[in-house]
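A.B. asks: Generate a structure from the sequence data that follows.
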Amino acid sequence: MTNDHHTSKQYDAELEALRSRVLQMGGLVEQQMLRAIDALASCNRSLIDQIIDDDQKVNALEVEMDEMCSHVIARRQPTAGDLRLIMAVMKTITDLERIGDEAEKIARMAKLICEGDRLHTPRFTEIRRMGDLAVNMLRAALDSFARLDTATATRVSRDDIQLDDEFRSILRQLITFMMEDPRTISFSLEILFVAKALERIGDHAKNIGEYVIYLVKGKDVRHTSMDQLERETK
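C.D. replies: The predicted model follows:
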């Protein structure tokens, strides 16, 4: 965690600005996700185009925040908790940018699906369930970052297990669907790409939660089992 008091109030303000910008970027990315899922359900062409266009805003925020972090490192030479905060911020914005990319992929898949034959719409209920879970994971990860809450961060990792299970279930069902009716292969593959994008979003949300644990506890919990993660965060 960051030091409570610095000799420079400007330094405190710079660190707080980094935290605030992470949450601002997270809010934009969450909005992209919600719009992408809605666009898939509604075939709203203007919404699809907006999601694709707005990805540039997410990219611009990542570049801006990379520069902010570089300036703080160069000017303040942070150590201990302050350095962990900056490292966590830099890693988090990378994952947020990638979540934005996955939301854009969903929008592009929605565009293909809506332009094609919609006589067959396999597994959309399951996709919606995956989408809701992925959005909730991102919200929880951002909340854990805002409040430095390791319990919530750990819950995100637990939810990622459920999201992976949902993805495998959709995969099995789509394979069966394609075998029963080969005419649906193209559409089913597009749905599968959407499901994979949501599964990847869950991975990135899990990463953000792990950075929070690193920030608070000073422990790198990547690539650890769920049982070990829970022990580390008690």
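
A.B. asks: Give the burial count for Glu77, as a bare number.
C.D. replies: If you look again at residue 77, you'll see it is Gln, not Glu. With neighbours defined by other Cβ atoms under 10 Å, the count for Gln77 comes to 9. Where you see a C-beta, it was placed from the backbone N, CA and C, and this is true even at glycine.

A.B. asks: And for Ser225?
C.D. replies: 10.

A.B. asks: Could you pull up phi and psi at it?
C.D. replies: Dihedral angles of Ser225 (phi, psi; degrees, to the nearest 10) stand at phi -70, psi 160.

A.B. asks: ok, now Arg222?
C.D. replies: Torsion angles, degrees, to the nearest 10, at Arg222: phi -60, psi 150.

A.B. asks: what's the pLDDT at it?
C.D. replies: Predicted confidence (pLDDT) for Arg222: 81.

A.B. asks: how near is it to Lys206?
C.D. replies: Remark: distance between Arg222 and Lys206 (Cβ to Cβ, to the nearest Å) = 9 Å.

A.B. asks: Between those two, which is the more surrounded one?
C.D. replies: Between Arg222 and Lys206, Lys206 has the larger neighbour count (other Cβ under 10 Å), namely 22 against 12.

A.B. asks: from the middle of its chain, how far away would the helix or strand harbouring that one be?
C.D. replies: Assignment of secondary structure by DSSP states H and E places Lys206 within helix 185-217. Helix 185-217 has its C-alpha centroid displaced from the chain centroid by 6 Å (Cα atoms, centre = their mean, to the nearest Å).

A.B. asks: what's the answer for stretch 36-56, then?
C.D. replies: With Cα atoms, centre = their mean as the basis, stretch 36-56 stands 17 Å off its chain's centre.

A.B. asks: The top helix by length along the chain - contacts with which helices or strands?
C.D. replies: For the chain, the helix reaching the highest residue count under DSSP state H is reported as helix 80-115. Contact analysis of helix 80-115 by 3 or more Cβ pairs under 8 Å, 6 or more residues apart in numbering; DSSP states H and E lists helix 9-42, helix 45-76, helix 124-147, helix 185-217 as its packing neighbours.

A.B. asks: closest to Met90 out of those?
C.D. replies: helix 45-76 (5.2 Å; Cβ to Cβ).

A.B. asks: tell me what the closest one is packed against?
C.D. replies: Applying 3+ Cβ pairs under 8 Å, 6+ apart, one finds that helix 45-76 makes contact with helix 9-42, helix 80-115.
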